[in-house]
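Novice: Sharing a model prediction with you, sequence too.
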Amino acid sequence: MSEPTVTDKEFNIDTVEHASTTPDTDLPWAALGLKSDEYDRIVTILGRRPTAAELAMYSVMWSEHCSYKSSKVHLRQFGEKVTEEMKKDLMVGIGENAGVTNLGDGWAVTFKIESHNHPSFVEPYQGAATGVGGIVRDIISMGARPVAVMDPLRFGDIDHPDTLRVLPGVVSGIGGYGNSLGLPNIGGEVVFDSVYQDNPLVNALAVGVMRHEDIRLANASGVGNKVVLFGARTGGDGIGGASVLASESFDDSKPSKRPAVQVGDPFAEKVLIECCLELFHAELVEGIQDLGAAGISCATSELASNGEGGMHVELTNVLLRDPSLTPGEILMSESQERMMAVVTPANAAEFERVMAKWEVEYSWLGEVTDTGRLIIEWDGETIVDVDPRTVAHDGPVYERPYHRPSWQDSLQADTFRSSSAGQDLPQTAQELGGAVVDLMTSPNMADVSWITDQFDRFVGGNTALSQPDDAGVIRVDEETGLGVALSTDANARYAYLDPYTGAQLALAESYRNVATSGAIPMAVSDCLNFGSPEDPEVMWQFAEAVRGLADGCQELGVPVTGGNVSLYNQTAGRAIHPTPVVGVLGKFDDVGRRTPSGFERWADGQAIYLLGTTADELDGSEFARGRDHLGGLPPKVDLQAEKMLGEILINASRDGMIDAAHDLSEGGLAAGLAEMGLRFGVGARVAVDGICERDGVDPFTALFSESQARALVALPRSEELRFTDMTSARGFAALRIGVVDASSGDLEVAGPYEGGSFTLGLDELREAWSAVIPSRFGTLGEATEAVRQEK
Amino acid sequence: MSTETPLIGDFRAAPAANPLGGARIGVVTFPGTLDDRDAARAVRLGGGTAVPLWHADESLQNVDAIVLPGGFSYGDYLRAGAIARFAPMMNKIIDAATASSGTRLPVLGICNGFQMLTESHLLPGSMVKNDHLKFLCRDQVLRVENTSTAWTSQFTADELIAVPLKNQDGQYLADPATLEALEAEGRVVFRYVGENPNGSRNGIAGVTNETGNVVGLMPHPEHAVEAGYGPDDATGMRSGTDGLTIFTSVIASLAGGAQ
């Protein structure tokens, strides 16, 4: 007999009994991604060799993607560095499908970010689509109605041929799936950097809301209760997605991984959402779990080990798309749009009525037991007999070695100012004006509406802010206006220069964005995208970033409620920059008071204030990127200043003092002013003299430095005194730098430089700014007259 | 928590009575319908009572008018609207909208609902993929060219309105004779202003039937009914509420006949 594989029909009858009597059979554990010591550990746990089906379960559940075996020892800090005060609004913490935060008035909110990086590289459309599908099912399984999605996206160089292949597919996939679910897409990020070439990052965030009494957890409680699988049929797609695709680096020498990518059906998911909400509303399920990574293996072992401890499953009852699937494949399949629930026998008939109404297929698989064993039968033969805890929770835990990279010191010593890129900086009015245009037409500062216009931001009728504003804002309660704000941020260039600080800068920016919209930051979800944990230098970046983020959350008083780790983001031995994407959720008592991010036409003559101070911080900046320089140290983090700035922005919104606010981050003051003007096509007249004098910086630094804890606000003159009283009472720097000018449509910036001032026409700037992405990927919605006439 | 269309729970639960809203307007939900809550909200804000209707049921529940909301019924599989068109509820709607005696039921199809109306031949023409082949979401300016339908009576002639556009299959097609007839009979109700967003023939965004009771519209008036959540307009960000007039028009025409 040739070497067995998990798909060999031979293994259909690899029963527990057979395994006990054939200890020497070679199993394909290595091909399934297990290491030899991990395999030995399985044999020790079972006291015999695993059956093919058991091997399939352990291999996916013990994969990096499902078990967090390399990251666990670090992630513990998110739980340890939490104070009682931070926990007061936390209703469900880390460990469930998603954390739940109390919003008040009987409402709760749940949100989470996940990665779908490798599938999106292999098959951009389906990879991105099923990334949305998976995170939305996590939200449903908490008992919530999903209400919005966001997508932090990172691609290779904008002009690299593979970006042209990956980006349009990813964008269509997110739109094709999310739009069909009726979920508004309210923001995210788009970053281009050659480090993501051949390893794009496609992260997806979903947020859902529920009444307190509707919170559901993934556990199989109640001996004798029935276990049911419902939704789409199980097929051969996504087999080993978590183990062989998400948990390995890409390497040209291996065969195509396309069969490991799942295929999505958004219509099935939309029906599943409504069907699950009806089940919850009628209180028909005791426990529920979505089927994502590791499919039935994960759902059965997690439900069982979180509940009474045992479950009996008849696997032959699973409805299949492909009847030739083996038990191992059925257990590993990551077919989408499936859910598993625990239902009391008394509710079974009513459950079936709801399924019939929504025309959803289901099959009763077995029942909850108190034996402490997960028993899976196939045609009357026992093929799995394990303690579910050993599958779901007792996976290996690695203390991976890590050390500071040997090149970190020289990288940090290579500052922008000392480099050749930092010479011949723009000085005159004309040079500075040209530099602002260059900045705004660089791929990372350009208009992303070509991408976001392919997403529905209106559906639901509750979107109060969306891209390009600082945060996405969704109304939860139509009576009171209660709602949430969300932002996701990461600057991988900063994190590469210093991962500890970089993670805190991501947190600070996301926190600042939420506060800029007027919301009170409450909770954090993270998606930690890194290279291979087997590389001690990457592992150091990871350890530092987690430590930084946990410390930062403690200082800001916002708990991490859940998230995701994506490792092995490297191709051909080259790791991506460490990319800790941080999502912050904030609360609005009334979303009607959200602050727009630009000057509105009726705000003519309003005063523009810069909050915060500016230092010479250009290392890692967008200006430095424009000159192909990356070195030095990222901007300093001052979380106490961020907190105070947040308080000012929130109070100013609550008391109706300000009419526009925009945080300063990538591109500094120059980008902030340009974006506020471009938002509604309304200009401004400002001067940087005051900044230069007060902070002791030159005009170039005032415009392009990326110092943190800064924001721009616009307010009526009648509110100036009240506003400056508030900032000076807190000792927070606030400087009036100009006025909104709705008449000219120009942005005029004066300063102590040759020429006195430069003027940018916003219409002209918009044309160049909004042409950057379409010039690579094609226009949207423009009449193609020649084609039409041919038809 | 007494909103008519709760964010949580069963949207199809019996709506709270609206003492001021005499007009009862049915909003039909199909599997894959997305904008039913929005359409029901628009009816409520327009002063009517939204009555949720389920595609598989056969009773129109004595509603005075019908909205077929947007979405991806049956995943747009086969063709947008092609499967929904055969729902039991659609047969009732077709009968009521084309009744040979008595008042013909006013019907508005928005986006996917418009596609259902062309699939069921209540309206001429059909919809294919946008000429640029992508989903497109943006604020769209339309010109109201026919103010004599049940759904447009409160607009002024040639009024410009801003409502969100969002679709993948929004390119309106018809044969030249049909287009000519539509134009000659003034049955083009809404036309795109400015750049044609999807390649629709003659820039057509919405049409009506010969009797003016059935209107199909590709963009989404139900997303422009509440300041703060609509398209941008001259008065500020997301302040546009031009879509509301469609709903107040039908409610007024039901109350006292078309004005």
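Specialist: Everything's here; your move.
Novice: Can you show me the strands along chain B?
Specialist: B:24-29, B:49-54, B:65-68, B:107-110, B:126-128, B:136-144, B:160-167, B:171-173, B:188-192, B:204-208, B:214-217 (DSSP state E).
Novice: quick one, phi psi at residue 185?
Specialist: As the question left the chain open, I've gone with chain A. In terms of degrees, to the nearest 10, the main-chain angles of residue A:185 are phi -100, psi 110.
Novice: Which elements pack onto the helix or strand harbouring residue A:739?
Specialist: Counting by DSSP states H and E, the element that carries residue A:739 is strand A:734-741. Counting contacts by 3 or more Cβ pairs under 8 Å, 6 or more residues apart in numbering or on different chains; DSSP states H and E, strand A:734-741 packs against strand A:607-611, strand A:683-687, helix A:689-695, helix A:720-729. (Each C-beta comes from the backbone N, C-alpha and C, glycine too.)
Novice: would you turn the ones you listed into a markdown table with mean pLDDT, mean neighbour count and distance to residue A:779?
Specialist: Shown next, in a markdown table, are the helices and strands packed on strand A:734-741 (pLDDT from 0 to 100; neighbours: other Cβ atoms under 10 Å in any protein chain shown; distance: least, Cβ to Cβ, whole Å):
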| stretch | mean pLDDT | mean neighbour count | distance to residue A:779 |
| --- | --- | --- | --- |
| strand A:607-611 | 98 | 23 | 34 |
| strand A:683-687 | 98 | 22 | 26 |
| helix A:689-695 | 98 | 17 | 39 |
| helix A:720-729 | 97 | 14 | 43 |
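Novice: got a list of what the residue of chain B found nearest chain A touches?
Specialist: Using Cβ to the nearest Cβ, the single residue of chain B nearest to chain A is residue B:75, 2.8 Å away. Residue B:75 is in contact with A:180, A:265-268, B:32, counting by Cβ atoms under 8 Å, 6 or more residues apart in numbering or on different chains.
Novice: of those residues, buried ones?
Specialist: When those are checked for burial by 16 or more other Cβ atoms under 10 Å in any protein chain shown, the buried set is A:180, A:265-268, B:32.
Novice: any idea how far the residue nearest to residue A:154 when sequence neighbours are not counted lies from chain B?
Specialist: Leaving aside its chain neighbours, residue A:154 sits nearest to residue A:201 (3.9 Å; criterion: Cβ to Cβ, 6 or more residues apart in numbering or on different chains). Look at residue A:201 and chain B: by Cβ to the nearest Cβ, to the nearest Å, they are 22 Å apart.
Novice: Just give me the least confident of the buried ones among the contacts of residue B:75.
Specialist: Here the lowest pLDDT out of these sits on residue A:265, with 91.
Novice: so what's that one up against?
Specialist: Residues in contact with residue A:265 (Cβ under 8 Å, 6+ apart) are A:232, A:336-337, B:75.
Novice: which stretches of the stretch 301-450 of chain A form helices?
Specialist: A:327-332, A:348-358, A:388-392, A:408-413, A:429-440, A:449-452 (DSSP state H, counting those that start in this stretch).
Novice: Looking at the ones you listed, spot the one closest to chain B.
Specialist: Comparing these under Cβ to the nearest Cβ, the one sitting nearest is helix A:348-358, at 6.9 Å.
Novice: so what does the closest one touch, helix or strand wise?
Specialist: Counting by 3+ Cβ pairs under 8 Å, 6+ apart, helix A:348-358 packs on strand A:226-231, helix A:266-281, strand A:362-369.
Novice: Close to chain B: what parts of the stretch 601-750 of chain A are there?
Specialist: A:601-602, A:680 (Cβ under 8 Å from any Cβ of the partner chain).
Novice: Just the ones in helices from the residues you listed, please.
Specialist: Taking DSSP state H, the ones among these that sit in helices are residue A:680.
Novice: Please name the residues that touch the residue nearest to residue A:154.
Specialist: A:115, A:117, A:152-154, A:529, A:566, A:569, A:576, A:579, A:581 are the contacts of residue A:201 under Cβ under 8 Å, 6+ apart.
Novice: and what of residue A:702?
Specialist: A:614, A:669, A:688, A:691-692, A:695, A:751.
Novice: Let's test this: mean pLDDT of stretch A:61-73, rounded?
Specialist: For stretch A:61-73, the per-residue pLDDT averages 90.
Novice: buried sites along that stretch?
Specialist: For stretch A:61-73, the neighbour count (16+ other Cβ under 10 Å) marks A:61-71 as buried.
Novice: Looking at those, which is nearest chain B?
Specialist: Taking the buried residues of stretch A:61-73 together and measuring to chain B by Cβ to the nearest Cβ, the closest member is residue A:65, at 28.7 Å.
Novice: Helix, strand or coil: sort out the closest one for me.
Specialist: Secondary structure, DSSP: H, G, I helix; E, B strand; the rest coil: residue A:65 is helix.
Novice: which of the contacts of residue A:702 lies closest to chain B?
Specialist: Nearest to chain B among those, with distances taken as Cβ to the nearest Cβ, is residue A:669, at 22.8 Å.
Novice: Spatially, what comes nearest to the closest one if we skip its sequence neighbours?
Specialist: residue A:703 (5.3 Å).
Novice: Next: residue A:62.
Specialist: residue A:395 (4.2 Å).
Novice: Indicate each strand paired with the next helix or strand after the strand holding residue A:739 and its parallel or antiparallel sense.
Specialist: Beyond strand A:734-741 on the C-terminal side, the first helix or strand identified by DSSP H and E is strand A:746-750. Sheet pairing of strand A:746-750 (DSSP bridges) gives strand A:683-687 (parallel), strand A:757-761 (antiparallel).
Novice: Only C-alpha atoms, please: export strand A:746-750 in CSV.
Specialist: Output in CSV follows, covering the C-alpha atoms of strand A:746-750 (Å, rounded to 0.1, in the frame of the first residue of the first chain):
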residue,chain,number,x,y,z
ASP,A,746,-8.7,77.8,-2.2
LEU,A,747,-6.5,76.6,0.6
GLU,A,748,-4.1,79.5,1.4
VAL,A,749,-1.2,78.8,3.7
ALA,A,750,1.0,81.7,4.9
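Novice: Need the residues that contact it.
Specialist: Outside strand A:746-750, the residues touching it (Cβ under 8 Å, 6+ apart) are A:432-433, A:436, A:673-674, A:677, A:683-689, A:703, A:741, A:756-762, A:765.
Novice: run the last query once more with 10 Å
Specialist: A:429, A:432-433, A:436, A:599, A:669-670, A:673-674, A:676-678, A:682-689, A:699, A:702-703, A:737-738, A:741, A:756-765 (Cβ atoms under 10 Å, 6 or more residues apart in numbering or on different chains).
Novice: Is the closest residue to residue A:91 other than its chain neighbours in a helix, a strand, or coil?
Specialist: Spatial nearest neighbour of residue A:91, excluding adjacent residues (Cβ to Cβ, 6+ apart): residue A:100 at 4.3 Å. Following three-state DSSP, residue A:100 is assigned to strand.
Novice: Can you tell me how far residue A:100 is from residue A:68?
Specialist: 20 Å (Cβ to Cβ, to the nearest Å).
Novice: residue contacts, residue A:363?
Specialist: A:227-230, A:233-234, A:314, A:316-320.
Novice: Of these, which count as buried by neighbour count?
Specialist: Buried among the contacts of residue A:363 (16+ other Cβ under 10 Å): A:227-230, A:233-234, A:314, A:318, A:320.
Novice: just the angle between the strand holding residue A:739 and strand A:746-750, please?
Specialist: Taking axes from the mean of the first three to the mean of the last three Cα atoms, to 10 degrees, one finds strand A:734-741 and strand A:746-750 inclined to each other by 140 degrees.
Novice: quick check, nearest of the contacts of residue A:201 to chain B?
Specialist: Using Cβ to the nearest Cβ, the contacts of residue A:201 come closest to chain B at residue A:153, 16.3 Å.
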